[in-house]
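[1] no sequence on this one, just coordinates:
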């Protein structure tokens, strides 16, 4: 059970697809203008990621090594088309606002990247967990990014007005430059936390060593 | 050589399985998609034409004209006694920031706009998509070709452009102008000369 949690956490934080692996920037930056779109996009991408990881890891012994990329693309494109059709049929409003970005999940580097780096080498259950973890990591990042951008750039959250009509939003946040500024700050924050953690770890080891030394000397 | 053939066959198998899966999903979702499209059209007509009642008849036709090479789909809304209550037209523009925009445009008998409703567009979310907001749309109400220049204020027209979405605003103007021109060409009585034929096809 602990192992399962570890694998999920790997996707959500340690190897976060956007903030650490730096994959899938295009949809992350483009669709994070409103939280609503971001959530829809993240769920669609997570579904594709999990299903393609499962299928690819279960056919990994059947697929010849030289042919693996075309096969991966066919599998991914199939799932993306399914998502596209189902969204159009049952959630036409969301389908409309996501527009061209649904078909573009096919070329989302996170999906192909995980297929190539993980699912083609690991068993079905691990690949499922990896896909889910990566999907959740993507969801978390894009939602944080979209929240910051929507609140600052439009004064709304999930389409609800936060500050009243007198607030004039800083539109730059929902323009493309705003996406780069925000993602830069997020990356910086992530690195800051990780570096601080490493330093703390070092300090703790040092202290442990010293305390061991002093214990020995006392003896 | 043998290895190559095996590879080709395996790739082919994967493609065949995926094609079957997709055709299965397509057959399931076909109906809901069709429904969603129709519901959208009806909803669009209802939102661009005020006080439309269920007893009114909506006829759809294709309009051909000098001003436009592609026939536009239009809807004639008739009262019970088959007098015309209003028109609406499905116009388009290719000059949107993200490609084609199609909109439903409703006009009354005097060809004054009673409402616009964007149907398909891929404008920037949060910027160009503000064209769906009333704040932008309301400026077109009760305007017609004779009393409004369908160009953005930057180009010397009357449209108040959306901040940082000038291209979208310009495209919307072009789209509305096209729809109005085609409608007036086909339906405006008096100013049209008799040689023009009005092509009205019932579906």
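    Yes, it's here. Keep in mind it's a predicted model, so treat the numbers as computed, not measured.

[2] What is the neighbour count of the residue lying closest to residue A:24 once chain neighbours are set aside?
    Nearest residue to residue A:24 in three dimensions, chain neighbours excluded: residue A:110, at 4.1 Å (C-beta to C-beta, 6 or more residues apart in numbering or on different chains). Every residue, glycine included, has its C-beta placed from N, CA and C. Applying other C-beta atoms under 10 Å in any protein chain shown, we find 26 other residues in the vicinity of residue A:110.

[3] contacts for the strand or helix carrying residue A:110?
    Using DSSP states H and E, residue A:110 sits within helix A:109-114. With contact meaning C-beta atoms under 8 Å, 6 or more residues apart in numbering or on different chains, helix A:109-114 is reached by A:17-18, A:21, A:23-24, A:45, A:48-49, A:52-53, A:72-73, A:76, A:105, A:130-131, A:134, A:138.

[4] any idea how far that helix is from the chain center?
    Averaging C-alpha positions (C-alpha atoms, centre = their mean, to the nearest Å) puts helix A:109-114 11 Å from its chain's average.

[5] what packs against the helix or strand following it?
    Downstream of helix A:109-114, the first helix or strand assigned by DSSP H and E is helix A:124-154. Under the contact definition 3 or more C-beta pairs under 8 Å, 6 or more residues apart in numbering or on different chains; DSSP states H and E, helix A:124-154 sits against helix A:2-9, helix A:25-31, helix A:35-58, helix A:109-114, strand A:156-157, helix A:176-218.

[6] Just the angle for helix A:124-154 relative to helix A:176-218, thanks.
    Orientation check (axes from the mean of the first three to the mean of the last three C-alpha atoms, to 10 degrees): helix A:124-154 against helix A:176-218 gives 120 degrees.

[7] roughly how far is helix A:124-154 from the heart of the chain?
    That offset, for helix A:124-154, works out to 4 Å (C-alpha atoms, centre = their mean).

[8] Assign a three-state SS to residue B:117, would you?
    Following DSSP: H, G, I helix; E, B strand; the rest coil, the label given to residue B:117 is strand.

[9] Quick check: it touching residue B:49?
    No: Residue B:117 lies out of contact with residue B:49 (C-beta atoms under 8 Å); the separation is 9.9 Å.

[10] quick one: least confident helix or strand in chain B?
    Counting by mean pLDDT, DSSP states H and E, chain B has its least confident helix or strand at strand B:57-63, which shows a mean of 82.

[11] pLDDT of the following helix or strand past that strand, averaged?
    Per DSSP H and E, the first helix or strand lying C-terminal to strand B:57-63 is strand B:72-78. Strand B:72-78 shows a mean pLDDT of 87.

[12] Partner strands of strand B:72-78 and their direction?
    strand B:57-63 (antiparallel), strand B:84-96 (antiparallel) (DSSP bridges).

[13] Give the residue spans of chain A that score low on pLDDT.
    Scanning chain A for pLDDT under 70 picks out A:1.

[14] how about 50 then?
    Under the criterion pLDDT under 50, no range of chain A is flagged.

[15] For the residue sitting nearest the centre point of it, list the residues it contacts.
    Nearest to the mean C-alpha position of chain A, counting by C-alpha atoms, centre = their mean, stands residue A:138 at 1.6 Å. By C-beta under 8 Å, 6+ apart, residue A:138 lies in contact with A:17, A:18, A:24, A:28, A:42, A:45, A:46, A:49, A:110.

[16] Distance of residue B:129 relative to residue A:13?
    33 Å (C-beta to C-beta, to the nearest Å).

[17] Name the residue in those two with the higher neighbour count.
    Applying other C-beta under 10 Å to residue B:129 and residue A:13 shows that residue B:129 carries more neighbours, namely 23 against 17.

[18] What's the local residue count around the closest residue to the more buried one other than its chain neighbours?
    Leaving out its chain neighbours, the residue that sits closest to residue B:129 by C-beta to C-beta, 6+ apart is residue B:123, at 5.3 Å. Counted with other C-beta under 10 Å, the neighbours of residue B:123 add up to 24.

[19] quick check, distance from the longest helix along chain B to the centre of its chain.
    As assigned by DSSP state H, the longest helix anywhere in chain B is helix B:2-48. How far helix B:2-48 lies from its chain's middle: 25 Å, per C-alpha atoms, centre = their mean.

[20] Could you list the contact residues of chain A toward chain B?
    Contact residues, chain A versus chain B (C-beta under 8 Å from any C-beta of the partner chain): A:31, A:33-34, A:37, A:59, A:62-64, A:66-67, A:70-71, A:74-75, A:77-78, A:81-82, A:85-86, A:88-90, A:92, A:96-97, A:99-100, A:150, A:153-154, A:171, A:174-175.

[21] Looking at the residues you listed, which are in helices?
    Judged by DSSP H, the residues of chain A next to chain B include A:31, A:37, A:70-71, A:74-75, A:77-78, A:81-82, A:85-86, A:88-90, A:92, A:96-97, A:150, A:153-154 as members of helices.

[22] hang on, the earlier thing: ok, so of the contacts of residue A:138, who is nearest residue B:30?
    Nearest to residue B:30 among those is residue A:45, at 24.7 Å by C-beta to C-beta.

[23] so how many other residues sit close to the spatially closest residue to the closest one that is not a sequence neighbour?
    In space, not counting the residues next to it along the chain, residue A:45 is nearest to residue A:105; the distance is 5.5 Å by C-beta to C-beta, 6+ apart. The number of residues packed near residue A:105 is 26, by other C-beta under 10 Å.

[24] Now the buried members of the ones in helices among the residues of chain A next to chain B.
    Buried subset of these (neighbour count, 16 or more other C-beta atoms under 10 Å in any protein chain shown): A:31, A:37, A:71, A:75, A:77-78, A:81-82, A:85-86, A:88-89, A:92, A:96-97, A:150, A:153-154.

[25] Residue A:139 and residue A:34: what is the separation?
    15 Å.

[26] what residues does chain B put near chain A?
    B:3, B:6-7, B:10-11, B:14-15, B:18, B:21-22, B:25-26, B:29, B:31-33, B:36, B:39-40, B:98, B:120-122, B:124-127, B:129, B:163-164.

[27] go with 6 Å
    Within chain B, the positions adjacent to chain A are B:7, B:11, B:14-15, B:18, B:22, B:25, B:29, B:32-33, B:36, B:122, B:125-126, B:164 by C-beta under 6 Å from any C-beta of the partner chain.
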